[in-house]
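[1] Could you look at this predicted model? Sequence included:
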Amino acid sequence: NAGVTQTPKFQVLKTGQSMTLQCAQDMNHEYMSWYRQDPGMGLRLIHYSVGAGITDQGEVPNGYNVSRSTTEDFPLRLLSAAPSQTSVYFCASSYRGGLETQYFGPGTRLLVL
Amino acid sequence: DAKTTQPTSMDCAEGRAANLPCNHSTISGNEYVYWYRQIHSQGPQYIIHGLKNNETNEMASLIITEDRKSSTLILPHATLRDTAVYYCIVSVSTGGGNKLTFGTGTQLKVEL
């Protein structure tokens, strides 16, 4: 299994540009999440999904959209990038069940100029 | 979810046990204690979790006090590869899955 994969690894955007961060998992996990990590801070939850067709907001959802059309994929969309969205983005997945551990991807480093 | 308090940093000699403390004095009865770690620039990695009883797996041991207000993660024989930021998280499992809230963690530095 490849586990959780994220693309791209690094991206530079100009203010106002849009882009989609890709996340995929091949473990048939129901739950998927997006986190952001700013320097010197812990991870903060952006959006999450408990299954295909179902998404919900986390702690810091503003400026981001998500959709979950398949179990495998959970893309994160920035419609109009802002410098405040410069961060490292991590995608995570876990099997159905409250105590299952989350598996994290390698991260996408985003710089918005 | 309850908040946690951890020391900002700790040092440990290679081969010795690393004991990482965590305070969670406002933990609720149905909240679990989770430990994750993040090696430089990588995604976080699950280590261990527990509710009341002490737990052990191939990576570490988790000691939870009887009143559940604090816990200690023990790496029995720390190696240089254990240098990482360690996060103590308390979380209740809900229908929405584990929405883990990460604090700033403890930077553990293992040295020769």
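    Arrived safely, thanks for sending. Note that the structure is predicted; figures quoted are calculated from it, not measured.
[2] From the centroid of the chain, which residue is nearest?
    I'll assume chain A. Taking C-alpha atoms, centre = their mean, the centroid of chain A lies closest to A:Trp34, which sits 3.0 Å from it.
[3] try chain B instead
    B:Trp35 (3.2 Å).
[4] That one against B:Leu73, yeah?
    Yes - contact criterion C-beta atoms under 8 Å: B:Trp35 and B:Leu73 qualify, at 5.0 Å. Quick note: C-beta positions are derived from backbone N, CA and C, even for glycine.
[5] So which residues on chain A come close to chain B?
    Counting by C-beta under 8 Å from any C-beta of the partner chain, chain A comes close to chain B at A:4, A:30-31, A:33, A:35, A:40-45, A:48, A:50, A:56, A:58-59, A:88, A:90, A:92, A:94, A:98-107.
[6] Among those, which ones are in strands?
    A:4, A:31, A:33, A:35, A:43-45, A:48, A:50, A:56, A:88, A:90, A:92, A:94, A:103-104 (DSSP state E).
[7] on that earlier part again, where does the nearest residue to the residue nearest to the centre of chain B once chain neighbours are set aside sit, in terms of helix or strand?
    Closest residue to B:Trp35 apart from its sequence neighbours, by C-beta to C-beta, 6 or more residues apart in numbering or on different chains: B:Ile47 at 4.3 Å. Taking DSSP states H and E as the criterion, B:Ile47 maps to strand B:45-50.
[8] For that strand, name the packing helices and strands.
    strand B:32-38, strand B:55-56, strand B:61-64, strand B:70-75 (3 or more C-beta pairs under 8 Å, 6 or more residues apart in numbering or on different chains; DSSP states H and E).
[9] quick one: strands adjacent to the longest one?
    It stands for strand B:32-38. Sheet pairing for strand B:32-38, assigned by DSSP bridges, gives strand B:45-50 (antiparallel), strand B:84-91 (antiparallel).
[10] give me the number of residues near A:Met27?
    14 (other C-beta atoms under 10 Å in any protein chain shown).
[11] Next one: the residue nearest to it when sequence neighbours are not counted relative to chain B, how far apart?
    Leaving aside its sequence neighbours, A:Met27 sits nearest to A:Asn1 (C-beta to C-beta, 6+ apart; 5.9 Å). Separation of A:Asn1 from chain B (C-beta to the nearest C-beta, to the nearest Å) stands at 15 Å.
[12] what's across from the nearest residue to A:Tyr48 once chain neighbours are set aside in the sheet?
    Closest residue in space to A:Tyr48, ignoring its immediate chain neighbours: A:Ser33 at 4.1 Å, by C-beta to C-beta, 6+ apart. Beta-bridge partners recorded for A:Ser33 (DSSP bridges): A:Tyr48, A:Ala92.
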